[in-house]
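# Task: produce atomic coordinates for the following.
(one chain, ligands or ions: 1)
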Amino acid sequence: MSSEPLRDRFDERGDTDAPSLRPLRIAFESADPAAVAAQPDVLAVIGFGRAALPDDPRCLRVGLEPVGAAPIEVWRGGGPVRTGQDGAVRWAGDGDYTFFSIQMPEDAEGGIGAAAEQVYRWLGEWLAQRPLHVLRLWNYFDAINEGDGDAERYRRFCTGRVAGMQGLFGGDYPAATVIGRQDGVRSLQVYGLAARRAGRPVENPRQLSAWRYPRDYGPTAPRFARAMRTPSGQLLISGTAAIVGHASRHRDDVTAQLDETLANLDSVCAAAGAATPLGDGSVLKVYVRRAEDAAQVSAGVQRHLADRGETLVLIGEVCRRELLVEIDGSHG
Ligand code: 3EB
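Numbers count the residues shown, from 1 in each chain. Next comes the predicted model:
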């Protein structure tokens, strides 16, 4: 057990008029995870599929299969980084930014809903002790579309998440991703980025805000912002798919879904007032439901980015069965 020094606790709370933080550096790197984790400015090393990672609060293996050789995702702060574990929460922070993660096995009783509730309750308790503002959350679990109607695992996850969140974020939800793994491991993985100052949530004018989704999509609407502008001006973009308004578009047509997804990404960048279009300075994760779509989707994304930016393609299941592709990432 460890905790932040008092100096950090009494640091100013998020104040958008105050000078901004330095940007977090996010990149995909092809390097030995242990060597990277040993570098003093590294906040997070995220590996995918069968990656072997050191047992360290900065390191997290996500059981999503990469397409082709998988790089690691590396976050670098201003260093030096301190690490610790408080109960179920593992963290690494440099005073400006904190990477945190929680993994929770789904026990037989409550399953995914109870796991989500518990994880978000723990997260809330941990945050209550710290002057941190959550900017971004990722949620990964197995078999997201299993179960019919309101019994679908994603819908049960959404209900448990809201129960556990309680008043956690007020109305300013972090940007988020929820993607299903295909690894058969019944364990919920939640990780995120918090900062010493608050960010500014951004909505997408092409999409209904998720917390306003109608009942058709489940008893508990998901609560997340379409993107978060960080205190340094970077844009952290939520999982984005071929949804316009609240409706899924282009059923059974992965090419058209990709184009709609890219239009949504461009739209959220514009809404955030991004200085440059998607491309330079973009680091994107592309989730495809079917491995056979990977090459075509990857090529389509590269074309849209004019071969700039960095992309990683992963096999992942989107929370609505008809959706074949989703993209998240950072810009700037
Ligand atoms: C969507 O736009 C697609 O439940 O937190 C994307 C990002 C999606 C986050 C969440 C769900 C979530 O509704 C799915």
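# which parts of the stretch 151-300 of the chain sit against the ligand?
By the rule Cβ under 6 Å from any ligand atom, the part of the stretch 151-300 of the chain lying against the ligand is Ala176, Thr177, Val178, Ala210, Pro222, Phe224, Ser238, Gly239, Ala241, Ile243. C-betas here are computed from N, CA, C, even on glycine.
# Reformat those as CSV; add secondary structure and neighbour count.
Output for these, formatted as CSV (DSSP: H, G, I helix; E, B strand; the rest coil; neighbours: other Cβ atoms under 10 Å):
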residue, secondary structure, neighbour count
Ala176, strand, 24
Thr177, strand, 23
Val178, strand, 25
Ala210, helix, 21
Pro222, coil, 22
Phe224, coil, 24
Ser238, strand, 29
Gly239, strand, 23
Ala241, coil, 24
Ile243, strand, 24
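# Among those, which one sits closest to Val254?
In terms of Cβ to Cβ, no member of these lies closer to Val254 than Ala241, at 11.4 Å.
# if I look at Ala34, how far off is Arg156?
Remark: distance between Ala34 and Arg156 (Cβ to Cβ, to the nearest Å) = 37 Å.
# who has more neighbours, the two?
Neighbour count, other Cβ atoms under 10 Å: between Ala34 and Arg156, Arg156 has more, with 24 against 13.
# how about the strands in the stretch 51-200 of the chain?
Assignment of strands within the stretch 51-200 of the chain using DSSP state E, counting those that start in this stretch yields the ranges 59-62, 65-66, 72-76, 82-86, 89-93, 97-105, 133-142, 175-181, 187-195, 200-202.
# Which positions within the fourth one qualify as buried?
By neighbour count on 16 or more other Cβ atoms under 10 Å, the buried set for strand 82-86 is Thr83, Asp86.
# 14 is where my numbering starts, stick with that
Got it, first residue is 14 now, which makes that one strand 95-99.
# Quick one: mean pLDDT over that strand.
Averaged across strand 95-99, pLDDT comes to 97.
# What is it packed up against?
The helices and strands touching strand 95-99, judged by 3 or more Cβ pairs under 8 Å, 6 or more residues apart in numbering; DSSP states H and E, are strand 102-106.
# try the shortest one
With contacts taken as 3+ Cβ pairs under 8 Å, 6+ apart, strand 78-79 sits against strand 323-328.
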